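> task: produce atomic coordinates for the following.
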Amino acid sequence: EPTTGLDAIEQTAMMDLLARLNREGHTLIIVTHALDAAAAYARRIVVMDEGRIIADGPARKIFHDAETLAQSGLVAPPPIRLGGRLKIPALTTAELASALERRPQ
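Model prediction:
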């Protein structure tokens with residue numbers, strides 16, 4: 001869990017470092033309960049419950065499947081939940097804000 005014990009600035013720096021390593025060709029498997037970081041950085045999400053894989057797929061699909069997340073006791077981060085209510089498939093606060101700025105008044 002690379003984000004354990006880190007504040008928001010340190011967590012962003014760590015995740016940016018891991019993203020750079022991935023762009024350079026390294027395969028990374030990250031175990032985390034920091035769902036906001038996973039939503040922002042991961043392309044693929046594997047959700048496990050009691051050692052069983054209950055979901056495996058693109059981050060956008062997994063994070064917008066509230067039933068699957070609930071099966072493992074997870075709740076999507078606030079930008080995803082608010083985006084869902086607004087019919088905006090955002091994963092991050094930045095994506096949600098951008099979509100809201102482009103929306104007709």
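
> and D56, that's in a strand?
Yes: residue state for D56 (DSSP: H, G, I helix; E, B strand; the rest coil) corresponds to a strand.

> quick check: it touching M48?
No: in this structure, D56 is not within contact of M48 by Cβ atoms under 8 Å, at 9.4 Å. C-beta: built from backbone N, CA, C; applies to glycine.

> most centrally placed residue in the chain?
Centroid-nearest residue in the chain, with Cα atoms, centre = their mean: A39, separated by 1.3 Å.

> quick check: mean pLDDT of the helix or strand hosting that one?
Taking DSSP states H and E as the criterion, A39 maps to helix 35-41. Per-residue pLDDT over helix 35-41 has a mean of 94.

> please apply the same query to stretch 79-96.
The model assigns stretch 79-96 a mean pLDDT of 95.

> ok, the residue nearest to T32 when sequence neighbours are not counted to A39 distance?
The spatial neighbour of T32 that comes closest, neighbours along the chain excluded (Cβ to Cβ, 6 or more residues apart in numbering), is E1 at 5.2 Å. Going from E1 to A39 by Cβ to Cβ, to the nearest Å gives 16 Å.

> try P58
For P58, the distance to A39 equals 11 Å [Cβ to Cβ].

> equivalent analysis for P2, please.
The gap separating P2 from A39 is 15 Å, by Cβ to Cβ.
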